[in-house]
Each structure stands twice: as C-alpha cells, then as structure tokens.
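K.L.:
Predicted model and sequence below, questions to follow.
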Amino acid sequence: MRNPLFLLALIAPVLALAQVKELDQRVAGVKDSVVAWRRQLHQHPELSNREYKTAAFVAAHLKKLGLDVQTGVGKTGVVAILKGGKPGPVVALRADMDALPVYERADLPFKSTDSAEYLGQQVPVMHACGHDSHIAILLGTAEVLSSLKKDIPGTVKFIFQPAEEGPPGTEEGGAPLMIKEGVMDNPKVDAIFGLHINSQTPIGKVKYKSGAEMASSDWFVVKVKGKQSHGSQPWSGIDPVVVAAQIIQGFQTIVSRQAELTKAPVVITVGKIHSGVRSNIIPEELVMEGTIRTLDSKMQQMVHEKMKLMATHIAAASGATAEVSIDTKTKVTYNDPALVKLMAPSIEAAAGKENVYETDWTTGAEDFSFFGDKAPAFFFFLGGMPAGQDPAKAAAHHTPDFYIDDSKLDVGVKVFCQLVFDYAKVKK
C-alpha cells in the first residue's frame, strides 16, 4: 500500500487536471440558489424537533435530484443517498436544521417574524446560529454532486439533522437519536465532514483545529433547600438565595483555582435562577441551572465531582441542603488528526490556501461530536462576517443581532465537493 503522504501530494494536482474547472462551473451555477434558499429558510425558522416545513423543503429538493431520500429520521431528520458512478468509500456530509427561541432585531427584508411554542411559552424564533446557511450549503452540494454523479467515486450520504441545539424538555433528538436509528450505517460511513458558519470570522475564510476543537457541553441543575421565613427575620430561617450565591462563587474557584488551565480551558456558567414569590419572603427552595464546558474528558469528570462536593458542603455549612444533577449534552468535538492531515489540503485547494488557517479551540459545543464515535470526523468553520468588520464588534451567535453575509456560501459548497472527491483518492 502506498504511503498516505505520497497520496496526499497527488490529490490536488489530479483533481485540478481532471475536474476542477467543471466543478467550479457547477458551483457557480448554484450560488444564487444557495443564497435564495438560505434567505427563505431564514425567514421561516423552526425550533428543535419541530422542523416539519424545513424537512419537507429539503426532502422535496433532494427528491427532484433523483436521490434516495428517507424522512422522519431522528423525528424530523432527512437523509439522502447518492451512489456515484465509480467504486469508492461512503462519505457523509452533515447540516443541522433547527433555529432558536430568539427575537431577531436586524432589519432585513427576509427577517424572521415567526413564533412558536417552547416549553409551554410562546416565543419568537430566529436562525440565530446560522443553521439556515448550513442547510442551503448542503442542498447546493447535493445539486452539484448529483450533476457529477458519473464521476463520483463511492457513495455520498447527505444528513440533514434536527435538534442540534438540544431537543426540548425530556424528548430525544439530535445526532444521538439519528445515530441510534442507524444514520451512520446502511451503508456504513467511512468518514464524515461538517461545517459551521461563523459570524466573527471574515467572509470566505475557513478555519479548523486538529484534535479537540469544540467543548463538551454539560447542563447542570442545583436545587438548594433552606427554611422559609419572613424577610424581616432572616435568623429564623435558612436563606437558599444566600447559599446559592456562595455556591455560584464557589463554582468559579473550581475554574480559577482547581482546574489545570494550561491543559485545557473550563467554563462554568449559571444562566438561570428561580426562587421565591414575594420580595419580603425568604423562600424555602431555589433552583439554578447552567452549563459546563470542558475540552478534556478527565477534566470534565473532575469538574463534575468538585461541583457536587462544593455545592453540598457549602449548603451544609449554612444548614441547607443541595442536590446537583449533571446531564452531558455533547462530547468534545474531536477532529481525527490523521483525517485532518490528509484532507486539509483539499480545503485549501477549494477555498484558496491564503483563506484557510488553523485556529485555537473554542468553548462552544456541537452534537456533531457524536458522529465521531462512529467514523473519523472533520468539522470546520466558514466565515460569514462582512469584509472589513471588527470581529470584536460582530454580534455573537445566539443573539438578536446575529448576522451573516451570505454572499460566499458557495465556498462551503466547493469545499464539501472537493472533500468528497479527494477522500476517495486517499482511501485507495
């Protein structure tokens, strides 16, 4: 068998001589459609596990391309199979479809004004993380590759995934449910690739990191129980609010004084607190919820243990009790180093070497991480920040002012296509 590094040196020239010109033309031909699809989807977002219209839109287009389409995978997911005209591996490409319960503040002609029910409340809905761009890019990729079917070595599996942001309440969903229902099998996937648009990365730029790239995401709940009393006589009760404040401060010392941050970063954030009904009543109970982000599995376990120990002991010192529950939502998003080494040149060939660079890890999380348990995975970021904008002033994801310049989504299409062709050459 030939050395993979020798094969790597051959990838770009072979593709450039045989197919690059036609591929460029095909990608250019779908560019306007990709932008139009993205804007249509942006205007009509749907929440996790409720992507009914989005899934129908996706499935209808894939069926027009003549692909083998399966719907209802992982509740609302769509999977399509393209069998190439030549023998080769099975490559999966993934896009997530869900939006968020966020009000859109940007004044756009395709601004979302939709609302939906979320956990019993009526909420505004917005594609505040860019999943609309991911759907449009993968649809464009499916169209381009379908038009080049006879030249494709192997099989391409297009995965349109619901509920990446997490299914509501106690529902199952997202990547784990799709995997449970066999999305990585029949045919078995040899490698999987995914991308994420980024509002603080310059438009058209692509960035990635080998190994641990994105954090695990744990959601925690702390229930503090004290003793109710009149607000004017705190000595006659046990105040769970004061206890909770001490616990929150204690959690931050886990980050600053107990985690070895030279190995990997740790974040502990309390995002929700509920307690009491009146300003002059010390309540009996308090519930707080938050998230933990780690980039190392051993550190993740250490943080879990320290949080439980700290919360229960701080509560006990005041005569209260504390219960801590932690639910792991995603694993560390890990880019297989061997796959990255082999395929990074393909990204450079598609996007331009000057537009591709390695980056640091991020404490954001992705349930794409679960696909990496089933096959070598490579996840990268595509820039959507307008040219010349200061990244520090660009609105972050999950915020009302989130904004993407969609004029270079075709870069994502070309990268996906190039990865499909080049991976087959590496697998020989």
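P.N.:
All right, it came through fine. In this text the structure is predicted, and so the values were computed from the model without any measurement.
K.L.:
wait, Asp132 sits on Leu41?
P.N.:
Yes. Using CB atoms under 8 Å, Asp132 is in contact with Leu41, at 4.0 Å. Heads up, the C-betas are built off the backbone N, CA and C, glycines and all.
K.L.:
ok, which stretches of the stretch 51-200 of the chain are strands?
P.N.:
All strands of the stretch 51-200 of the chain, identified by DSSP state E, counting those that start in this stretch, fall at 68-73, 77-83, 86-96, 115-118, 121-124, 153-161, 191-202.
K.L.:
Go through the ones you listed and name the closest to Gln389.
P.N.:
Nearest to Gln389, of all the strands of the stretch 51-200 of the chain, is strand 191-202, at 8.0 Å by CB to CB.
K.L.:
The top strand by length along the chain pairs with which strands, and in what direction?
P.N.:
As assigned by DSSP state E, the longest strand anywhere in the chain is strand 211-225. Sheet pairing for strand 211-225, assigned by DSSP bridges, gives strand 285-294 (antiparallel), strand 321-330 (antiparallel), strand 333-335 (antiparallel), strand 362-365 (parallel).
K.L.:
Next, the buried residues of it.
P.N.:
Neighbour-count burial for strand 211-225, with 16 or more other CB atoms under 10 Å as criterion, is recorded at Ala212, Glu213, Met214, Ala215, Ser216, Ser217, Asp218, Phe220, Val222, Lys223, Val224, Lys225.
K.L.:
Would you quantify the distance from the closest residue to Asp296 other than its chain neighbours to Thr363?
P.N.:
The spatial neighbour of Asp296 that comes closest, neighbours along the chain excluded (CB to CB, 6 or more residues apart in numbering), is Ala264 at 4.1 Å. In this view, Ala264 and Thr363 are 10 Å apart by CB to CB, to the nearest Å.
K.L.:
Overlap of the contact sets of these two?
P.N.:
Taking CB atoms under 8 Å, 6 or more residues apart in numbering as the criterion, Ala264 and Thr363 both touch Leu295.
K.L.:
For the two, indicate the residue with more neighbours.
P.N.:
A direct count of neighbours by other CB atoms under 10 Å for Ala264 and Thr363 places Ala264 higher, at 20 against 17.
K.L.:
For that one, which residues are in contact?
P.N.:
Shown in contact with Ala264 (CB under 8 Å, 6+ apart): Ala212, Thr294, Leu295, Asp296, Met299, Trp361.
K.L.:
is Gly290 in a bridge, and if so with what?
P.N.:
Per DSSP bridges, the residues bridged to Gly290 are Phe220, Val270.
K.L.:
what's the neighbour count on Gln389?
P.N.:
Residue neighbour count, defined by other CB under 10 Å, stands at 15 for Gln389.
K.L.:
same thing with Val27?
P.N.:
Neighbour count for Val27, taken as other CB under 10 Å: 24.
K.L.:
Same check on the one 5 residues further on?
P.N.:
The local packing of Asp32 (other CB under 10 Å) involves 10 other residues.
K.L.:
Got the phi and psi for it?
P.N.:
Per-residue torsions, Asp32: phi -60, psi -40 (degrees, to the nearest 10).
K.L.:
going forward, begin numbering at 12 instead of 1
P.N.:
Okay, residue one is now 12; in that scheme the one you just asked about reads as Asp43.
K.L.:
Just the local confidence number for it, please.
P.N.:
pLDDT for Asp43: 98.
K.L.:
which helices and strands does whichever strand or helix holds Arg50 pack with?
P.N.:
Per DSSP states H and E, Arg50 falls inside helix 31-54. Packed against helix 31-54, as judged by 3 or more CB pairs under 8 Å, 6 or more residues apart in numbering; DSSP states H and E, are the following elements: helix 63-75, helix 142-158, helix 421-438.
K.L.:
Find out how far the longest one is from the centre of the chain, if you would.
P.N.:
Pointing back at helix 421-438 there. Relative to its parent chain, helix 421-438 has a centroid offset of 20 Å by CA atoms, centre = their mean, to the nearest Å.
K.L.:
per-residue confidence averaged over that helix?
P.N.:
For helix 421-438, the per-residue pLDDT averages 94.
K.L.:
Give me the angle between it and helix 31-54.
P.N.:
130 degrees (axes from the mean of the first three to the mean of the last three CA atoms, to 10 degrees).
K.L.:
Packing partners of helix 421-438?
P.N.:
Helix 421-438 packs on helix 15-29, helix 31-54, strand 97-107, helix 142-158, strand 164-172, strand 202-213, helix 348-362, strand 388-396, going by 3+ CB pairs under 8 Å, 6+ apart.
K.L.:
and if you look at the shortest one?
P.N.:
With contacts defined as 3+ CB pairs under 8 Å, 6+ apart, the secondary structure elements packing on helix 63-75 are helix 31-54, strand 79-84, strand 88-94, helix 142-158, strand 164-172.
K.L.:
Specify the stretch among the ones you listed that is closest to Phe381.
P.N.:
Ranking the helices and strands packed on helix 63-75 by proximity to Phe381 (CB to CB) places strand 164-172 first, at 10.2 Å.
K.L.:
Can you dump the C-alpha atoms of that closest one in PDB for me?
P.N.:
As requested, the backbone C-alpha atoms of strand 164-172 are provided in PDB (Å, rounded to 0.1, in the frame of the first residue of the first chain):
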ATOM      1  CA  PRO A 164     -16.100   7.500  -6.600                       C
ATOM      2  CA  GLY A 165     -18.300   5.800  -4.000                       C
ATOM      3  CA  THR A 166     -21.300   6.900  -2.100                       C
ATOM      4  CA  VAL A 167     -22.300  10.200  -0.500                       C
ATOM      5  CA  LYS A 168     -24.700  10.400   2.400                       C
ATOM      6  CA  PHE A 169     -26.300  13.800   3.000                       C
ATOM      7  CA  ILE A 170     -27.500  14.100   6.600                       C
ATOM      8  CA  PHE A 171     -29.900  17.000   7.500                       C
ATOM      9  CA  GLN A 172     -30.100  16.800  11.200                       C
END
